[in-house]
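> I'd like to go over a predicted model; first the sequence, then the structure.
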2 protein chains.
Amino acid sequence: MFELFEKYLRSKAAFTAEEMQQIEAVTTIKRLRKRQFLLQEGEVWTYNAFVSKGCLRTYSVDTKGAEHILTFAVENWWIGDLQSLASGLPARFNIDAIEDSVVLLIRKEEFDRLCQVIPALQQLVNALLHRSFLAQQNRIHTTISHSAEEKYRLFLQNFPEFARRIPQHMVASYLGMTTETLSRIRRNLV
Amino acid sequence: MFELFEKYLRSKAAFTAEEMQQIEAVTTIKRLRKRQFLLQEGEVWTYNAFVSKGCLRTYSVDTKGAEHILTFAVENWWIGDLQSLASGLPARFNIDAIEDSVVLLIRKEEFDRLCQVIPALQQLVNALLHRSFLAQQNRIHTTISHSAEEKYRLFLQNFPEFARRIPQHMVASYLGMTTETLSRIRRNLV
DNA sequence: CCGTTTTTTTGATAAATGTCAATGGAGATG
DNA sequence: CATCTCCATTGACATTTATCAAAAAAACGG
């Protein structure tokens, strides 16, 4: 499973064979069955996690028991609770697998140490953070300025793959609407 | 006006006198009157901008003429259109002053060059990006999981200063609701 | 293949929020 | 001081979205 990660890394920046070995040395593989938790609210998240197969989600559960999905992650995406990772505080979010999945884990301390030693890795992290920032900004903008139907249309445009793989009630949760509303929107769509 | 920026920088990381001079050498001051544009939709944004006095907003205007405010920035905040800055494409957003303001500008090429030479500056940028990422994630979570009233309550908690300085119809826009809705929420608040 | 669970859809109704039009106040400006 | 613009509020009403309950459809597990 490391090969997919290696391929991803090489597509993003130039790594020497030795650097790649260093990375592999600290990477562990975790297989998750559908519905299995990678992180549960209240635990502390101490990894960087790369999805090499499958699909996961980050979500919270409110006082009424309703779930609110913050992010999805499929192959070649990273996932985790940066808030908990950075603060060392218990996570406010859950992460679980939507499909049977494989994630690669690197413990924070080791990842940070590697970033010091491997400039390409540090650059990759910075670029990733930068792109994520812009993506989140777009999501905020869409969320505050469009109707439910428009949000769904944009979601289809931006993430056609998510729309194919992910149950609709989860898409609805991600978009901040109920599953009934999304169902009715779809009915009225072309 | 550079002194305020210097103070901010020193509060975030350790800079040598020479590094500080290098930064000052590329910094220009721009004074803006209330309502004056710092960036207009369609222009390309090529700066990093630090607010040393006043208050500004980033917003878009939709096809119906409605404004949607993406961010506010007061003293010691950065502002700009990262999307345009990174891509070199025309900005989708406007930035203008809500109060008479002073911003410090550093051209992108010079800023990037300084980041190469001054590790503390690069670190500051990374830390800032990291914090912004988390802040945006919180905003997304709030937006998709709370009612209009709850969003306003959380806004008051998180940004009491904004609530004091910024006209209510702009707060409403930032929260993704109409000014009438916000007015009614406030009436029903304790 | 059958029973079970999950997911999606539908209908009836309620609640939240938006739209439009009007008003009054506060502050800026000449 | 008079005028003007911006801002906040209010009321009436329309629209959007949520809620609750139920059923149909699809996916899953043994």
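Received, thanks.
> Show me where chain A has its helices.
Assignment of helices within chain A using DSSP state H yields the ranges A:2-12, A:17-26, A:82-87, A:108-117, A:119-145, A:148-158, A:160-165, A:168-175, A:179-188.
> Go through these and pick out the most buried.
helix A:168-175 (a mean of 20; mean count of other Cβ atoms under 10 Å in any protein chain shown). C-beta: built from backbone N, CA, C; applies to glycine.
> near chain B, which residues of chain A?
Within reach of chain B by Cβ under 8 Å from any Cβ of the partner chain, chain A has these residues: A:60, A:62, A:66, A:68, A:70, A:82-83, A:86, A:126, A:129-130, A:132-134, A:136-137, A:139-141, A:143-145, A:173-176.
> What parts of chain A come near DNA strand D?
Chain A comes close to DNA strand D at residues A:Lys34, A:Ala66, A:Ser147, A:Ala148, A:Glu149, A:Gly176, A:Met177, A:Thr178, A:Glu180, A:Thr181, as judged by Cβ under 7 Å from any atom of the strand.
> Check these and tell me the two furthest apart.
A:Lys34 and A:Ser147 (32.6 Å; Cβ to Cβ).
> residue ranges with poor pLDDT in chain A?
Residues of chain A that meet the criterion pLDDT under 70 lie in A:190.
> So which bits of it are right by DNA strand C?
A:Pro167, A:Gln168, A:His169, A:Met170, A:Thr179, A:Glu180, A:Leu182, A:Ser183, A:Arg184, A:Arg186, A:Arg187.
> The nearest residue in space to A:Phe133 that is not next to it in sequence and B:Phe72, how far apart?
Excluding the flanking residues, the one nearest A:Phe133 by Cβ to Cβ, 6 or more residues apart in numbering or on different chains is B:Phe133, at 5.5 Å. Taking Cβ to Cβ, to the nearest Å as the measure, B:Phe133 falls 18 Å from B:Phe72.
> Could you do A:Pro160 as well?
For A:Pro160 relative to B:Phe72 (Cβ to Cβ), the value is 34 Å.
> Check A:Leu114 too.
Taking Cβ to Cβ, one finds A:Leu114 at 37 Å from B:Phe72.
> Next: A:Arg165.
When distance is defined by Cβ to Cβ, A:Arg165 is 37 Å away from B:Phe72.
> Likewise for A:Gln36?
With distances taken as Cβ to Cβ, A:Gln36 is found 41 Å from B:Phe72.
> So if I had to pick from these two, which one is more boxed in?
Using other Cβ atoms under 10 Å in any protein chain shown, the more surrounded residue of A:Gln36 and B:Phe72 is B:Phe72, with 22 against 14.
> Do I have it right that that one meets B:Ile98?
Yes. Under the criterion of Cβ atoms under 8 Å, B:Phe72 makes contact with B:Ile98 at 7.5 Å.
> before we move on, the earlier item: and which of the residues of chain A next to DNA strand C is nearest A:Leu56?
A:Met170 (11.1 Å).
> residues touching the closest one, list them.
A:Arg57, A:Ile69, A:Phe72, A:Ile98 (Cβ atoms under 8 Å, 6 or more residues apart in numbering or on different chains).
> Nearest to B:Leu121 among these?
Among those, and counting by Cβ to Cβ, the member closest to B:Leu121 is A:Phe72, at 34.5 Å.
> bridging residues for that closest one?
A:Arg57 (DSSP bridges).
> For it, list the residues it contacts.
A:Cys55, A:Leu56, A:Arg57, A:Ile98, A:Phe159, A:Phe162, A:Ile166, A:Met170, A:Tyr174.
> same check, this time on A:Leu70
A:Arg57, A:Thr58, A:Tyr59, A:Ser60, A:Phe93, A:Tyr174, B:Gln137, B:Ile140, B:His141, B:Ile144.
> Tell me the spacing between it and A:Gly80.
11 Å.
> again, but for A:Ala49
Counting by Cβ to Cβ, the gap from A:Ala49 to A:Gly80 is 5 Å.
> Neighbour count: those two, which is higher?
In this view A:Ala49 and A:Gly80 are compared by other Cβ under 10 Å, and A:Gly80 has more residues nearby, 25 against 22.
> just to revisit the earlier point, please identify which of the contacts of A:Phe72 is nearest to DNA strand C.
A:Met170 (6.9 Å; Cβ to the nearest atom of the strand).
> how near is A:Tyr47 to DNA strand D?
26 Å (Cβ to the nearest atom of the strand, to the nearest Å).
> what residues are up against that residue?
A:Gly80, A:Leu85, A:Leu105, A:Ile106, A:Arg107, A:Lys108, A:Phe111.
> Give the bridge partners for it, please.
Here A:Tyr47, judged by DSSP bridges, has bridge partners A:Arg107.
> show me what contacts A:Glu6?
A:Met20, A:Glu24.
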